[in-house]
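Engineer: Prediction below, plus the sequence it came from.
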Amino acid sequence: MERRSFLKTVGTAGLAAGVTPAWSMNYGANRQSPDLGASSTENASEKASPEKILLKDYRPRSLYKIPITEVPKAKFPVVDMHSHAYAKTPEEIAERVRNMDEVGIAKTIILTDAHGTAFDEIYRSHAAYPDRFELWCGFDYRGYDQPGFGPQALLALEQCHKAGAQGVGELHDKGKGLVSSTMNAFGMHPDDPRMDSLFERCGQLGMPVNLHVADPIWMYEAMDNKNDGLMNAFEWRLDNQPGIVGHSGMIDILENTVKKHSGTTFIACHFANLDYDLARLGQILERHPNLYADIAARYAETAPIPRFVSQFYAKYADRLLYGTDMGFDIPMYRVTFRILETLDEHFYETDMFSYHWSLNGFGLPDEILQKVYRTNAEKILSSRGKQVRA
């Protein structure tokens, strides 16, 4: 749309959507704006010489007078396909359910990555809310480096399934091999033949697998003045890890795994960490109908390029799943909704995401939102009964 036409229409269209146009806003209420009423002493204490400001302390604030959209509740009911057992006590779990109610989360998938008694404990702690939580388990890697690995791990998986596990995850491999909270199976990647029987059994039991491969590309780049994700990358850097499989190699391992086990449903979490190269992710999705991708904890990596990302959502709307992976605080959910649902521009959530760059909303249409929020998840969760074989 030509810019002048846009400026003429956004006033009425924005009001119809509940958005206050910038030219009629009360700028004093703009939370992105600096506090002009702050005392000179306070301002002076916050000031530092530009030559001495460290990147980790950089906290930009937008000065643009543009619409700010509050999204207190998701536009449609949501299935959060990627979360963890952040709440431990009955009181904390009850608080989590209240938060879910307030923001419109109908169900949360808890990726425990646990097995045995550890899984049983987490399962029991959430048993009071069977319609709100679904628990997924992990694999038992003990003895992975010994001859005969497999049968014991299969038994542990089947015991978890009988105990209530409905899926598997989050499995992790950032380049050294599969790891869990209790075991490092360094050298064994998801496409290793030792893993074949486990993934095949997941397919037979109708247990989807959430698989985390690699990490954002910035973690693999040199930690220098050309790395535009340095602020976050330095904390999670992988460029200094000897013997690690590189980013592209890990994506190859993901595709090898999904291809070998076509009867098993896989969810590549975090956009398969291809948030910087969604074209490659799209090609992989096209080649493998048993693969989905969740969008958890990669809002900051995609929100800087909203037009391209919105096109990706439109093209692959049937294969993307909402997820958070960032706790259960109400403000966190609302930030994700703002990015997905609105056309807000140039706003910061530095403390939440640890990047210094600004974010933008995608303004996804209702049809896509409904698929990403819920219907794609329901397709996966409801199909499992048809797959189960003893």
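Structural biologist: Noted; the coordinates are in hand.
Engineer: Can you tell me which residue is spatially central in this protein?
Structural biologist: Among the residues of the chain, the one closest to the centroid is Ala296, at 0.9 Å (CA atoms, centre = their mean).
Engineer: What's the separation between it and Phe271?
Structural biologist: 9 Å (CB to CB, to the nearest Å). (Glycine included, C-beta is placed from N, CA and C.)
Engineer: for Gly150, same thing?
Structural biologist: Taking CB to CB as the measure, Gly150 falls 31 Å from Phe271.
Engineer: Tell me where the model's unsure across the stretch 51-200 of the chain.
Structural biologist: For the stretch 51-200 of the chain, no stretch has pLDDT under 70.
Engineer: about what we covered before: what about the residue nearest to the centre of the chain, is that helix, strand or coil?
Structural biologist: When classified by DSSP: H, G, I helix; E, B strand; the rest coil, Ala296 comes out as coil.
Engineer: Is it correct that it is in contact with Thr108?
Structural biologist: No: Ala296 is beyond contact range of Thr108, at 11.5 Å (criterion: CB atoms under 8 Å).
Engineer: list residues touching both of those two?
Structural biologist: Shared contacts of Ala296 and Thr108, defined by CB atoms under 8 Å, 6 or more residues apart in numbering, are found at Ser83.
Engineer: In which helix or strand does Trp357 reside?
Structural biologist: Using DSSP states H and E, Trp357 sits in no helix or strand.
Engineer: Excluding chain neighbours, what is closest to it?
Structural biologist: Pro304 (5.2 Å; CB to CB, 6 or more residues apart in numbering).
Engineer: And for Gly229?
Structural biologist: Using CB to CB, 6+ apart and skipping residues adjacent in sequence, the residue nearest Gly229 is Trp218, 3.0 Å away.
Engineer: contacting residues around the one you found?
Structural biologist: 227-230, 232-233, 276.
Engineer: I'd like to know how many residues surround Arg59.
Structural biologist: Counted by other CB atoms under 10 Å, the residues lying close to Arg59 total 11.
Engineer: Strands along the stretch 51-200 of the chain, start to end?
Structural biologist: Assigned by DSSP state E, counting those that start in this stretch, the strands in the stretch 51-200 of the chain fall at 78-83, 105-111, 133-136, 168-173, 177-179, 184-186.
Engineer: How about the stretch 251-390 of the chain?
Structural biologist: Assigned by DSSP E, counting those that start in this stretch, the stretch 251-390 of the chain shows strands spanning 266-268, 291-294, 320-321.
Engineer: okay if I get those strands as a markdown table plus distance to Gln204, mean pLDDT and mean neighbour count?
Structural biologist: Below are those laid out as a markdown table (distance: least, CB to CB, whole Å; pLDDT from 0 to 100; neighbours: other CB atoms under 10 Å):
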| stretch | distance to Gln204 | mean pLDDT | mean neighbour count |
| --- | --- | --- | --- |
| strand 266-268 | 15 | 98 | 28 |
| strand 291-294 | 18 | 98 | 26 |
| strand 320-321 | 22 | 98 | 24 |
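Engineer: Leu254: which of the ones you listed is closest?
Structural biologist: With CB to CB as the criterion, Leu254 lies closest to strand 266-268 of the strands of the stretch 251-390 of the chain, at 6.0 Å.
Engineer: Go ahead and name everything in contact with that closest one.
Structural biologist: Residues from elsewhere that reach strand 266-268, judged by CB under 8 Å, 6+ apart: 81-82, 169, 208-211, 213, 254, 257-258, 281, 288, 290-294, 321, 380.
Engineer: Sitting in helices, which of the contacts of Trp218 do you find?
Structural biologist: In this view, these that belong to helices under DSSP state H are 230, 232-233.
Engineer: Select from the residues you listed the one having the most neighbours.
Structural biologist: Highest neighbour count within those, by other CB under 10 Å: Ala233, with 23 neighbours.
Engineer: Correct me if wrong: that residue contacts Ala222.
Structural biologist: No: with contact defined as CB under 8 Å, Ala233 does not count as touching Ala222 (9.8 Å).
Engineer: residues near Val335, how many?
Structural biologist: 21.
Engineer: pLDDT score for it?
Structural biologist: Per-residue pLDDT puts Val335 at 98.
Engineer: Quick check, it in contact with Ala300.
Structural biologist: No: Val335 sits out of contact with Ala300 when judged by CB under 8 Å, with a separation of 9.5 Å.
Engineer: then stretch 256-263 to PDB, C-alphas only?
Structural biologist: The C-alpha atoms that make up stretch 256-263 are tabulated as PDB, following Å, rounded to 0.1, in the frame of the first residue of the first chain:
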ATOM      1  CA  ASN A 256      18.600 -37.400   9.000                       C
ATOM      2  CA  THR A 257      16.700 -38.400  12.100                       C
ATOM      3  CA  VAL A 258      13.300 -37.200  10.800                       C
ATOM      4  CA  LYS A 259      13.900 -39.000   7.500                       C
ATOM      5  CA  LYS A 260      14.900 -42.300   9.100                       C
ATOM      6  CA  HIS A 261      11.800 -42.400  11.300                       C
ATOM      7  CA  SER A 262       9.000 -41.300   9.100                       C
ATOM      8  CA  GLY A 263       6.400 -43.000  11.200                       C
END
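Engineer: could you give me the average pLDDT of it?
Structural biologist: Stretch 256-263 comes out at a mean pLDDT of 98.
Engineer: Identify the residues contacting that stretch?
Structural biologist: Against stretch 256-263 from outside (CB under 8 Å, 6+ apart): 190-191, 195-196, 199-200, 202-204, 211, 266, 268, 284, 287-288, 290-291, 387.
Engineer: got JSON lines for the strands of the stretch 51-200 of the chain, with distance to Glu92 too?
Structural biologist: Formatted as JSON lines, these follow (distance: least, CB to CB, whole Å):
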{"stretch": "strand 78-83", "distance to Glu92": "13"}
{"stretch": "strand 105-111", "distance to Glu92": "13"}
{"stretch": "strand 133-136", "distance to Glu92": "13"}
{"stretch": "strand 168-173", "distance to Glu92": "21"}
{"stretch": "strand 177-179", "distance to Glu92": "26"}
{"stretch": "strand 184-186", "distance to Glu92": "29"}
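Engineer: Much appreciated, bye for now.
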